[in-house]
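Asker: predicted coordinates and the sequence they were generated for:
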Amino acid sequence: HHPLRFCLLPARLILFFYAHHTSSAKIQDLILLLLHRFPASQVKARSTKMQNVVQTNAGPLDEKDPKTTADAKSFWMPDGEKTIHDMYQEFSKNYEDYVQSDDVDMQANGAMVDLMHKYWPRQSSGDNNNNNSSNKAVSATLLDIGCGTGLIGKLFQEGVVREDFFATDEDRTNTIVRGIDLSSGMLSKVSPAIYKQALQHDVDVTPWPMFEDNCCDLSICNGVLIYLKNPDVLDEFVRTCRVGGKCLLMFRHDVLPAFVEKREAMEKAGKWRLLEKTEDMDNFPGLTAKGLDPSMFNVLVYEVLV
């Protein structure tokens, strides 16, 4: 009950009113930070126009992992009458700068790129382990499902050049990256030097007609499953990946339970097997530092068996 608390309340209300009516995301973030620094129990530090925060029900992530709980809040969900497509069309203007800024510091991209390096097909060493990281990488086809601006492909390419990743120049030039995304605005930013194909398609609509059966060695899906309503979309990752190929799927904790039954059914049916589940990570530590609840995620790595 600090005496300044009551003096600050009118100022808090003015800030909250302005946050509700401004369209500037940076100003909204600043106001949210100020409101967090001077907390008052009756002031709700969000507005219907602050689209990076949406309330959800907290609950267990997974019956097999009761110690981990879901987010109290979700990020980047469409608000009001906007669709996901509308939101990302607008977001495409500064997406890469924003998610890589200190204000956000998105972690999932780096985690995904590290796993791509780890599970990329490698030269055979004679020990039946083609994913030995000490072996040089060979040419492969990658599907980037929900590729957005192609940021992950760009980050991966930077690592390839820096680490002398491929066994030969031929392996590098013969590697193919193909992507799909809902937003034409995001796709307009994709580098044709990295992505051989980048097509507009709603990932939730299956089958994915542009991708043939067994057409890739590795598939990735980062920050997309939170928007999907159909768990059967997971079947498409198996259909499009060759036997022995890997599927790297980012699941945010607040949506992971919706896919548990489907994932486990596919394992029991012998369609794929889980190779790795990364540690719990906060996707937006920059936003968490401003007082927003962590947006926790894991990347699950599956090997395709059929």
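Answerer: Yes, it's here. Residues are numbered from 1 along each chain as shown.

Asker: mind listing residues that contact stretch 190-202?
Answerer: Under the criterion Cβ atoms under 8 Å, 6 or more residues apart in numbering, residues 144, 147, 149-150, 153-154, 157, 176-184, 187, 208-210 lie in contact with stretch 190-202. For the C-beta atoms, the positions are set from N, CA and C on the backbone; glycine is no exception.

Asker: flag every buried residue along the longest strand along the chain.
Answerer: As assigned by DSSP state E, the longest strand anywhere in the chain is strand 241-252. Residues of strand 241-252 classed as buried: Cys241, Arg242, Gly245, Lys246, Cys247, Leu248, Leu249, Met250, Phe251, Arg252 (neighbour count, 16 or more other Cβ atoms under 10 Å).

Asker: same question, stretch 251-263
Answerer: By 16+ other Cβ under 10 Å, the buried positions in stretch 251-263 come out as Phe251, Arg252, His253, Asp254, Val255, Leu256, Phe259, Val260, Arg263.

Asker: show me which pair in the buried residues of strand 241-252 is furthest apart.
Answerer: The largest separation in the buried residues of strand 241-252, counting by Cβ to Cβ, is between Arg242 and Arg252 at 27.7 Å.

Asker: now do the longest strand of the chain: which elements does it pack against?
Answerer: If contacts are counted by 3 or more Cβ pairs under 8 Å, 6 or more residues apart in numbering; DSSP states H and E, strand 241-252 sits against helix 108-119, strand 216-221, helix 234-240, strand 296-304.

Asker: determine which stretch of those is the most buried.
Answerer: The highest average neighbour count among the helices and strands packed on strand 241-252, using mean count of other Cβ atoms under 10 Å, belongs to strand 216-221 at a mean of 24.

Asker: how far is it from where the chain is centred?
Answerer: Centre-to-centre, strand 216-221 and its host chain are 14 Å apart (Cα atoms, centre = their mean, to the nearest Å).

Asker: ok so, going back, to Lys136, which of the helices and strands packed on strand 241-252 lies closest?
Answerer: With Cβ to Cβ as the measure, helix 108-119 is the member of these nearest Lys136 (11.8 Å).

Asker: quick check: mean pLDDT of the closest one?
Answerer: Confidence for helix 108-119, expressed as mean pLDDT, is 97.

Asker: now do stretch 280-288
Answerer: Across stretch 280-288, pLDDT averages out at 96.

Asker: gap between Thr175 and Gln123?
Answerer: 14 Å (Cβ to Cβ, to the nearest Å).

Asker: more neighbours, the two?
Answerer: Neighbour comparison, Thr175 and Gln123: the larger count goes to Thr175, with 23 against 16 (by other Cβ atoms under 10 Å).

Asker: which residues touch that one?
Answerer: Taking Cβ under 8 Å, 6+ apart, one finds Ser139, Ala140, Thr141, Leu142, Phe166 in contact with Thr175.

Asker: now render those as CSV, adding distance to Pro192.
Answerer: CSV is the format used below for the contacts of Thr175 (distance: Cβ to Cβ, whole Å):
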residue, distance to Pro192
Ser139, 19
Ala140, 19
Thr141, 16
Leu142, 15
Phe166, 20
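
Asker: got a winner among the residues you listed for most neighbours?
Answerer: Counting neighbours by other Cβ under 10 Å, the top entry in those is Leu142, with 23 neighbours.

Asker: is it in a helix, a strand, or coil?
Answerer: At Leu142, secondary structure determined by DSSP: H, G, I helix; E, B strand; the rest coil is strand.

Asker: didn't it look like it was pressed against Ile176?
Answerer: Yes: the criterion here is Cβ atoms under 8 Å, and Leu142 meets it with Ile176 at 7.1 Å.

Asker: overlap in contacts, those two.
Answerer: Here Leu142 and Ile176 have no joint contacts, going by Cβ under 8 Å, 6+ apart.
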